[in-house]
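Peer 1: Predicted model and sequence below, questions to follow.
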Amino acid sequence: MQGEAVPPRVPTPRRYLMCPPRYFAVDYAINPWMDPSKPVSADVAVAQWTELRDTYRRFGHTVEEIDPQPGLPDMVFAANSGTVVDGRVLGSRFRAPQRAAEAEHFRRWFLEHGYRDLTMPEKINEAEGDFAWTGRLLLAGTGFRTDPAAHAEAQEVLGVPVVSLQLIDPRYYHLDTALFVLAEATDTATAQVVYYPDAFSPGSQRVLRRMFPDAVLATAADAECFGLNGVSDGRNVVLPVEATDLGARLVERGYEPVYVDISELRKAGGGPKCCTLEIRK
Ligand SMILES: CN(C)C(=N)NCCC[C@H](N)C(=O)O
């Protein structure tokens, strides 16, 4: 973009739901990043999570907290437990039995906080792990976790258009390990996304190119450090501390990278976005 004017990026206030990782552990392996034989520290995870939460608060965003539950070590990954668009909530249904009970805790949280328009899905649906809102439509991943039939269910429940994308690399088992929205827009052509093309099938790569000709394309190195698990408020982009190459490319587009250490949470296969469920109302 040398020589071209970079448009000013405007942050918009966000509301997030997060779950402190008090019971964090890697007791089972349900993705290629998890190795139960390696040590993990819940205290370190809590410290990293606290820094992430405080980063959002420093930018003026609202962070709600749900109580963690003993025996649910992955509950910190709140993004997998609900998709909220215009105050309408679609809950989740996990593929792994080890995580199944998380869905009910989040369902209760939403009801207790006044979200009456709430539907629990029939199909396997790992929420914002596989759903990304562009401001106009929902990009929906499948291949490892969320059932493709859950895409049609989400469209029906949320009343928004859904575009299915096929994930093909088991390391990038959720859409939010391979793509995130930098700036939402009500017009798809002007929404900005960043994605790692090789995580998607050839057909889905063509769909992404057609929808987002101006997207930031991530490299294998960006993806390996969970750089695609970022959280943007339209200007400030929270990234894992290792994702400095990607951050530098985002600066050229007018964004402000903000780095956080999520090394302990990565041992369970998660990053900043996985810890962050966005409540859009
Ligand atoms: C970015 N990702 C992958 C997420 N949205 N969630 C992380 C889930 C990690 C959990 N151990 C699992 O395998 O389900």
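Peer 2: Done, it's in. Small disclaimer: the values here were computed from a predicted structure and weren't measured.
Peer 1: what are the bridge partners for the residue nearest to A248 when sequence neighbours are not counted, then?
Peer 2: In space, and not counting its chain neighbours, A248 is closest to P257: 7.8 Å by C-beta to C-beta, 6 or more residues apart in numbering. Heads up, the C-betas are built off the backbone N, CA and C, glycines and all. Beta bridges link P257 to V237, judged by DSSP bridges.
Peer 1: ok, now how distant is P257 from the ligand?
Peer 2: Distance from P257 to the ligand, counting by C-beta to the nearest ligand atom, to the nearest Å: 18 Å.
Peer 1: do the same with P8
Peer 2: 30 Å.
Peer 1: Now for the spatially closest residue to that residue that is not a sequence neighbour, how many residues are close by?
Peer 2: Distance criterion C-beta to C-beta, 6+ apart; nearest residue to P8, sequence neighbours excluded, is G254 at 6.7 Å. Neighbour count of G254, defined by other C-beta atoms under 10 Å: 17.
Peer 1: so G254, which of the three states?
Peer 2: Following DSSP: H, G, I helix; E, B strand; the rest coil, G254 is assigned to coil.
Peer 1: coming back round to it: my guess is the residue nearest to A248 meets G247, correct?
Peer 2: Yes: using C-beta atoms under 8 Å, P257 is in contact with G247, at 3.3 Å.
Peer 1: so what sits against both of these two?
Peer 2: 237, 239 (C-beta atoms under 8 Å, 6 or more residues apart in numbering).
Peer 1: what's the following helix or strand after the strand or helix carrying A140?
Peer 2: Assessed by DSSP states H and E, A140 sits inside strand 138-142. Moving toward the C-terminus from strand 138-142, the next helix or strand (DSSP H and E) is helix 148-158.
Peer 1: How about the contacts made by P21?
Peer 2: Contacts of P21 by C-beta under 8 Å, 6+ apart are 42, 45-46, 49, 68, 73, 75-76, 265.
Peer 1: now, which of those lie close to the ligand?
Peer 2: When C-beta under 6 Å from any ligand atom is applied, no member of the contacts of P21 is adjacent to the ligand.
Peer 1: hang on, R53 is in a strand, isn't it?
Peer 2: No: according to three-state DSSP, R53 belongs to no strand; its state is helix.
Peer 1: for it, what are its contacts?
Peer 2: R53 touches 18, 63, 65, counting by C-beta under 8 Å, 6+ apart.
Peer 1: Which one (most neighbours) among these?
Peer 2: Going by other C-beta under 10 Å, M18 tops the contacts of R53 with 21 neighbours.
Peer 1: roughly how far apart are it and R9?
Peer 2: 24 Å (C-beta to C-beta, to the nearest Å).
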